[in-house]
Every structure is written in C-alpha cells, then in structure tokens.
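> Structure for the following, please:
(4 chains)
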Protein chains: 2
Amino acid sequence: MRQLNCSMCILKSEAARKFSDSELSRMNQNCVEVDFKKNEIIFKQNALSSNIIYLQSGMVKLVIEGKQREQILRIKKAPCYLGLPTTMGDKINHYSAVAIVPTRACFIDINIFKELLKSNFEFSYEIMVELCKNELDQFHRCVNLVQKHIFGRLANSLIQFSEELFEDDEFDLPINRNEYADLVCTSRETVSRMLAELSEEKVIEINGKRIKILNKEMLNKIRENG
Amino acid sequence: MRQLNCSMCILKSEAARKFSDSELSRMNQNCVEVDFKKNEIIFKQNALSSNIIYLQSGMVKLVIEGKQREQILRIKKAPCYLGLPTTMGDKINHYSAVAIVPTRACFIDINIFKELLKSNFEFSYEIMVELCKNELDQFHRCVNLVQKHIFGRLANSLIQFSEELFEDDEFDLPINRNEYADLVCTSRETVSRMLAELSEEKVIEINGKRIKILNKEMLNKIRENG
DNA sequence: GTAAAATTGTGATATGTATCACATTTATTA
DNA sequence: TAATAAATGTGATACATATCACAATTTTAC
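Residues are numbered from 1 along each chain as shown, chains lettered A, B, ... in the order given. Sure thing, here's the model as predicted:
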C-alpha cells in the first residue's frame, strides 16, 4: 500500500473536484489503491459490500449470475465510480465487477464516502445525477436487448465499443466470444456466425479479437432496424 | 387547485418525514395536486421534464416507446416518487407515466426539490438509496426479461401483481392483454394462450381481467425454472 | 337497446435463434 | 518445440414464439 495523493487523482472525477483540503486529506487517509490483472475480480456478487470503488484506469465488466447463464450488465471504463448502487442499495453485492484489461482502482470505505456526501452538497448532487443517468441508460439498454434481434444488438455493441469505450474505429475486443454472447444475450455460436456475416458484408473487418469498422452508416442502420 | 397540507401527506413518504416546519411550508406553497383518470398521461416521453411527482394514491405504468413496440418499464403504486431519474438525469423525459387506475399526484418543481435535498441530508441520502435500489431492481428485471421464457416472465409478473401491488391472491388486472404483452415483452396472442394454459393447469383462475392465484408453489416453480 | 368499436381467443404457419456435434485454430504450459 | 487446453467456426436440427387470419366476446357510444 503506497502513500496516496487523492488531490492528483481526484482531478479526473468531475464530482470530487469540489472537495476542500480537509476533505481531501480525510480521503487520503481512508483510501487504498489496488492493481488488477485481466480477469481478476474487483468485487463479487453475494459478498458483503462495504466500499465504493473509484476506477483510476482500465476497464471493467459488471456481471450478474442469471439462472441459466451469466449476463454482462455493462462495461465501464475509467474514470468512474463502481458499486454505487450495489453498495448503497443493499448490504450485499447484487453483481460482480471483473477487470477485462489491467485496471487500477481505489477503495473508499462506504462510511467515509457517506461523510463526504454529507459535507459537500455539490458532490452529493452530482452523484445523484450520475445515478439517475445510469438508470435512464439502463432502461434504454434493456429495451435494446429485449426488442432488437441479435444483429441489431451486435451492431449496437460494436458502436459502443468504438465510440464510447475505445473512441476509435479500430480496437481489440477486451472479451472473448463467450463473454460477448453474455453481453448481447445470445449464444457463443450465434456471435461467431453474425460477426462472420458482418465481415462478409464488408461492414467490419475481423482478425481474431481485432475489429475494424469499415462501414459505419451500415452499422448504424442495422442498429436502428435490427 | 386546492389549498394543500403537505404535512398530512408527507407522512406516507419515509424520506420526507425529516422535514422541518419551514421546509414543509416551503413545500406547501410550491406544490400542486392533480387527479388522473385511468389512461391519462401524467408526463410524456420527450416532453420537457421539470417536476418531481409524488404519487399520493393510485397506480402508474412507466412506458418507453421502442422502435418496434411500447415497453412497460415497470408498474409503480402509491406512495412513491415518479420521475426522479428522468427529471434529474436529463432535461427531457426518457419515458412516459400513465395512470392505470384513478390516481392522485403532487407536482413539485425540480428547483424546490433540489433546495429540499440541499437543506436536509437525511432526505437526500434516502433519495439516493432509493435511486440505488431502483437501479438494482432494474438490473434484475432486465435479466428476468432476457433470460426467461415467456412462461417464467408471466409467472413472475403474476406474482408481482399479487404480492407487491395488490397484496392479495385475487385481483383485477389494471391493464389489458396488449399492455400485458408490453409488460412481459411478448405478443398479445401469446399472453392469451399462456394465461389460458395456466388456467387449464389450475395454477390460476381467469375471468376477464379478474385473476385468482390457485397454486402459488407451482407459480413460483414456473418463475424460477421458466 | 342497438350499432360500432375495441378487446380477446385460437388455429395455422413462418422464422429467428438455441442447441448439439465436431472440426479447426489459437493460446498456454511443460 | 511438443503437448494440452482453451477458444472459435460452422453445419444440421429442434423449438419457442411471432405473425397472420379470423371468430367470438365485451365495451363504448349514440
């Protein structure tokens, strides 16, 4: 456990810029920083949840164990908070968080976090707004999963990887085909087939985990109509 | 617009019990009460959102327009808040709220609501916890919709109507078969067929919109394994 | 109370996607 | 570098559920 300097780190977090020096030093003393390798678990479903996690760098999948299969609720990339709903909403985690690339995270005790919320309304209001946005997001994600056929869901996820997560037309998928199936709620085989078909149609180019988007308009159409 | 007395009403809201007299009177002066008939719209998707709504009595469906069909995100019954995520998370409503039984609601201006959050940490923390719980709930709802076959989803919704909304083994469905299809994300015809089958199996008894649960263990099994 | 409209039920058919089986490729470990 | 394990691709088949078509019933409106 190294000596932390939250004032350096906090700059990345919109909400936490509003802290006073004393709040920052309180945080410095109650924060631990941990590095995770790919596939390491940051927190686990059904375990006691007593920390809010601030992702400094990396990327994480939030996974929930369904009766039949795992489901990836969403993929989040740093900087962001993890575990707000699962830590504030219950004593037990309702889902797991797993690193899908090398990831650095800070653990903040929920009681300290609550103190910070209490002492700084700007901060707590921003957290509230973030919670609200997440819920809206989640509504749309659910409609997308339920109402679209797999082509549409796949196109949607490809666009999200490209625009939201990697901000590039070309990227390495941080998950395998099985996990991809858990993300778009289908089977591994179907993911393979559909990706192959998109590749045949020259919409994307595939090389193992490397993906390049060739025809974005087409992909958008598929997302809308799929 | 009648003279309001929030102190009477507020007793139903866990979070708002913590208000001081001055906070309450501020609320009295900035609150309007409206009655809605069945099928009347309380707020509409894509309209500007500038109010938090407190449901005094009644029942409401939250609906989002998908590309292909409408989807009922959830059914909420009084007492509860409506529009927290859609009003705090964006300027525009991401979904509509429609009364499915006669309903009475208070409209609170978002700026007044924000003042109350600021002046009373207990209140704002409880709102935060509620937002978190909603999000967890929404995760489970989504997994349920995506991973279960229609029998399981139907069984699940029947149990929710019975246990969470009406707290009775026998109740009148406040929605028609089409809306029921939007709720469990299937077609009207399939809802008809499946309900008929559950009735044949003596799991439920149907009489138009009146439903009686005859075999709850069976229904629970179908929910788990479906 | 009758006509019109809306809601609901039910058979036949079509189809998207899961599942199974197995081959092939890629990654991991000794 | 060989041996083993993990990940991926692809055909054949099965099946849950959507869709279409139309009849029957219930509700609404005049």
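
> what about the residue nearest the centre of chain A, helix or strand, and which?
Centroid-nearest residue in chain A, with Cα atoms, centre = their mean: A:Lys76, separated by 1.6 Å. Assigning secondary structure by DSSP states H and E places A:Lys76 in strand A:70-77.

> How about residues contacting that strand?
Outside strand A:70-77, the residues that touch it by Cβ atoms under 8 Å, 6 or more residues apart in numbering or on different chains are A:55, A:58-64, A:82, A:95, A:100, A:137-138, A:141, A:160, A:164-165, A:174-175, A:179, A:182-183, A:185, B:139, B:142-143, B:146-147. Quick note: C-beta positions are derived from backbone N, CA and C, even for glycine.

> PyMOL command to pick out the buried ones of those?
Under the burial definition 16 or more other Cβ atoms under 10 Å in any protein chain shown, those of the contacts of strand A:70-77 that qualify are selected in PyMOL by:
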select buried, (chain A and resi 55+58+59+60+61+62+63+64+82+95+100+138+141+160+174+175+179+182+183+185) or (chain B and resi 139+142+143+146+147)
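
> Who is A:Phe36 paired with across the strands?
Counting by DSSP bridges, A:Phe36 is bridged to A:Thr103.

> before we move on, back to that, can you tell me how far the residue nearest to the centre of chain A is from A:Val63?
12 Å (Cβ to Cβ, to the nearest Å).

> list the contacts for A:Ser25?
A:Ser25 neighbours (Cβ under 8 Å, 6+ apart): none.

> Is it in a helix, a strand, or coil?
Under DSSP: H, G, I helix; E, B strand; the rest coil, A:Ser25 falls in the helix class.

> so, in contact with DNA strand D or not, the helix or strand A:Met218 falls within?
Secondary structure assignment for A:Met218, by DSSP H and E: helix A:216-225. No. Using Cβ under 7 Å from any atom of the strand, helix A:216-225 stays clear of DNA strand D, coming no nearer than 12.7 Å.

> Is that helix in proximity to DNA strand C?
No. Using Cβ under 7 Å from any atom of the strand, we find that helix A:216-225 stays clear of DNA strand C, coming within 11.4 Å at best.

> re earlier: is the very next helix or strand once past the strand holding A:Lys76 in proximity to chain B?
Going down the chain from strand A:70-77, the next helix or strand is strand A:80-82, by DSSP H and E. No. Applying Cβ under 8 Å from any Cβ of the partner chain, one finds strand A:80-82 separated from chain B by no less than 11.8 Å.

> in its sheet, what does strand A:80-82 sit against?
Sheet pairing of strand A:80-82 (DSSP bridges) gives strand A:51-57 (antiparallel).

> which residues are in contact with the lowest-mean-pLDDT helix or strand in chain A?
The weakest-scoring helix or strand in chain A, judged by mean pLDDT, DSSP states H and E, is helix A:6-9 (a mean of 75). By Cβ under 8 Å, 6+ apart, the residues outside helix A:6-9 that reach it are A:Leu24, A:Met27, A:Asn28, A:Cys31, A:Tyr54, A:Gln56, A:Cys106.

> any chance of those residues in CSV, with neighbour count too?
Below are these laid out as CSV (neighbours: other Cβ atoms under 10 Å in any protein chain shown):
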residue, neighbour count
A:Leu24, 16
A:Met27, 23
A:Asn28, 15
A:Cys31, 19
A:Tyr54, 26
A:Gln56, 18
A:Cys106, 20
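
> before we move on, the earlier item: ok, the strand holding A:Lys76 near DNA strand C or not?
No. With Cβ under 7 Å from any atom of the strand as the criterion, DNA strand C is not reached by strand A:70-77; the gap is at least 12.0 Å.

> Just the C-alphas of that strand, formatted as PDB.
Extracted C-alpha coordinates of strand A:70-77, given in PDB (Å, rounded to 0.1, in the frame of the first residue of the first chain):
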ATOM      1  CA  GLU A  70     -24.100 -15.000 -16.800                       C
ATOM      2  CA  GLN A  71     -25.100 -11.700 -18.100                       C
ATOM      3  CA  ILE A  72     -22.900  -8.700 -18.600                       C
ATOM      4  CA  LEU A  73     -24.900  -5.700 -17.400                       C
ATOM      5  CA  ARG A  74     -22.500  -3.200 -18.700                       C
ATOM      6  CA  ILE A  75     -18.900  -2.400 -19.400                       C
ATOM      7  CA  LYS A  76     -17.400   0.600 -17.700                       C
ATOM      8  CA  LYS A  77     -14.100   2.400 -18.300                       C
END
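
> the inter-axis angle of it versus strand A:51-57?
60 degrees (axes from the mean of the first three to the mean of the last three Cα atoms, to 10 degrees).

> angle of the lengthiest helix in chain A against strand A:70-77?
Criterion DSSP state H: the longest helix present in chain A is helix A:121-147. Per the same axes, to 10 degrees, the angle that helix A:121-147 makes with strand A:70-77 is 140 degrees.

> avg pLDDT for helix A:121-147?
Per-residue pLDDT over helix A:121-147 has a mean of 95.

> Tell me the buried residues in stretch A:28-45?
A:Asn30, A:Cys31, A:Glu33, A:Phe36, A:Ile42, A:Phe43, A:Gln45.

> Redo those as CSV? Include distance to B:Lys118.
As requested, these are arranged in CSV below (distance: Cβ to Cβ, whole Å):
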residue, distance to B:Lys118
A:Asn30, 25
A:Cys31, 26
A:Glu33, 32
A:Phe36, 37
A:Ile42, 33
A:Phe43, 31
A:Gln45, 35
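
> Among the residues you listed, which are located in strands?
Within the buried residues of stretch A:28-45, residues falling in strands by DSSP state E are A:Cys31, A:Glu33, A:Phe36, A:Ile42, A:Phe43.

> from the residues you listed, which is closest to chain B?
A:Phe43 (14.1 Å; Cβ to the nearest Cβ).

> Identify the residues contacting that closest one.
Neighbouring residues of A:Phe43 by Cβ under 8 Å, 6+ apart: A:Ser49, A:Asn51, A:Ile53, A:Leu82, A:Gly83, A:Thr86, A:Asn93, A:Ser96, A:Ala97.

> Is there a neighbour count for the second one? I'd like the number.
Neighbours of A:Asn51 under the rule other Cβ atoms under 10 Å in any protein chain shown: 21.

> Could you find the closest non-adjacent residue to it?
A:Phe107 (4.4 Å; Cβ to Cβ, 6 or more residues apart in numbering or on different chains).

> That neighbour: how many residues sit nearby?
Neighbour count for A:Phe107, taken as other Cβ under 10 Å: 18.

> All set now, cheers.
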